[in-house]
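> Dropping the sequence and predicted coords here.
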Amino acid sequence: AKENGKNGICFYTPDINDRLVRYQEVSAMLRRAIVTDRLQLYFQPQIDLKTGGIGSCEALLRCFDESNRMIFPAMFIPVAEKSGLINRLGDWVIETACRQLKAWQGTDLEKTRIDINVSGRQLNNQHLAEHILQTLERYELTPDQLGLELTENVVFGDYEGQIGQLERLKSVGVHISIDDFGTGYSSLVYLRRLPVCSLKIDRSFLHHAMENEGDMAIMQAMISVGHRLGLSVVVEGVETHEQDNLVRESGFDLAQGYLYARPMPADQMPAFLAGIESD
Ligand code: C2E
Ligand code: CA
Ligand code: CA
Ligand code: CA
């Protein structure tokens, strides 16, 4: 039996046990994946709705188990955050994104920014900004080639320290976005204080906007607040032509979703770019 906060005693059920075993399996798998190089970044373009070109692309982490089955982040990111492995994974992502940017130099993709996802625990590390800037320098990249996506709930622990790091990164040109915007706490209050460049509105608003006037109103309000604060506003999860029409009419700046492209390995990006340029 284990103490359980205010409700007193709670017994381990088979279900909790299963989850514990699962947690240990996933973290062991992750540790092996890090040392045996079974991680890969996939890239999903964000379409600039004015030009039709690629505005930037989001790096999405994939892990492969011993049978080469792809494991999605929903399975391992929460485990990595809990176990602290997220810092090693995060460093791997920073390094790999920079190496990819370097590889794109001299190709048609050299202007394409890469946006990486950053967890709260990474931002709590007071050396994160320094580490990112040093890595960019080591690959001879300019800071504006990299972007960070943070959820609102990320800014949690050492608030001032986190803001300071974000300010430092933004001041030299690293692009900062708030991800899943609208789903966290006190969105608008954070917006005033956070050094950000763009807002990425959570896909649930778009998905409900078609049938639900309330979601439509909130989505439009978020776009206009974003624009009045001088931010670019991004929509994620565009899957249908109806949604594409809606996001264009609503005034979004950038759009991302399966309709334009699924996340893909880096070697498929040149063909994707060639395809949209010849349309
Ligand atoms: P996210 O940052 O909100 O990323 C968007 C997710 O939506 C991705 O799932 C992407 O594949 C998926 N997606 C893209 N287009 C569509 C669409 O049209 N419809 C729908 N239904 N989904 C779409 P993915 O790759 O499974 O990643 C899930 C989450 O895992 C991400 O959510 C992000 O929070 C986290 N994540 C991914 N890579 C990393 C990473 O390198 N570091 C950290 N800390 N978190 C990561
Ligand atoms: Ca993201
Ligand atoms: Ca998101
Ligand atoms: Ca999300």
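Happy to help now that I have it. Everything numeric here is computed off the predicted structure, so don't read it as measured data. Residues are numbered from 1 along each chain as shown. Ligands and ions are numbered 1, 2, ... in the order given.
> Need the nearest residue in space to M75, chain neighbours excluded.
Computed as CB to CB, 6 or more residues apart in numbering, the closest residue to M75 that is not its neighbour in sequence is V26, at 6.5 Å. Backbone N, C-alpha and C define where each C-beta goes, glycine included.
> Isn't the one you found up against P73?
No - V26 is beyond contact range of P73, at 11.5 Å (criterion: CB atoms under 8 Å).
> coming back round to it: which ones are touching the residue nearest to M75?
Neighbouring residues of V26 by CB atoms under 8 Å, 6 or more residues apart in numbering: 75-76, 79.
> neighbours of F64, just the number please.
16 (other CB atoms under 10 Å).
> Got phi/psi on the residue in the stretch 151-279 of the chain that ligand 2 sits nearest to?
With CB to the ion as the measure, D179 is the residue of the stretch 151-279 of the chain nearest to ligand 2, at 4.2 Å. Phi and psi for D179, reported as degrees, to the nearest 10, are phi -90, psi 160.
> wouldn't it be in contact with G147 here?
No - counting by CB under 8 Å, D179 does not reach G147; the two are 10.6 Å apart.
> now Q44, which residues is it bridged with?
Q44 has these beta-bridge partners by DSSP bridges: E58.
> quick one: the residue positioned nearest the centre of the chain from ligand 3, how far?
Nearest to the mean C-alpha position of the chain, by CA atoms, centre = their mean, lies N117 at 3.3 Å. From N117 over to ligand 3 the distance is 8 Å, taken as CB to the ion, to the nearest Å.
> Flag every residue of this protein that's near ligand 3.
For the chain, the residues in contact with ligand 3 (CB under 5 Å from the ion) are 179-180, 236.
> Pull out the buried members of those residues.
179-180, 236 (16 or more other CB atoms under 10 Å).
> Could you say which helix or strand holds the residue nearest to M75?
Per DSSP states H and E: V26 is located in helix 14-35.
> same question, R262
Counting by DSSP H and E, R262 is found in no helix or strand.
> pretty sure it contacts E58?
No - taking contacts as CB under 8 Å, R262 lies outside contact range of E58: 11.7 Å.
> Give the residues shared as contacts by these two.
By CB under 8 Å, 6+ apart, the residues touching both R262 and E58 are Q44.
> Of the two, which one has the most company?
E58 (24 against 13).
> Switch the residues of the chain next to ligand 3 over to JSON lines; also include pLDDT.
Shown next, in JSON lines, are these (pLDDT from 0 to 100):
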{"residue": "D179", "pLDDT": "93"}
{"residue": "D180", "pLDDT": "91"}
{"residue": "E236", "pLDDT": "97"}
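> Would you map the strands across the stretch 51-200 of the chain?
Ranges of strands in the stretch 51-200 of the chain, per DSSP state E, counting those that start in this stretch, are 54-64, 70-71, 113-117, 146-151, 175-181, 198-201.
> Please identify the most buried of the ones you listed.
strand 198-201 (a mean of 26; mean count of other CB atoms under 10 Å).
> immediately after that one, which helix or strand?
According to DSSP H and E, the helix or strand after strand 198-201 is helix 203-209.
> what comes up buried for the helix or strand that that next one is followed by?
Counting by DSSP H and E, the next helix or strand C-terminal to helix 203-209 is helix 213-228. The neighbour-count check on helix 213-228 (16+ other CB under 10 Å) flags 215-216, 218-219, 222-223, 225-226 as buried.
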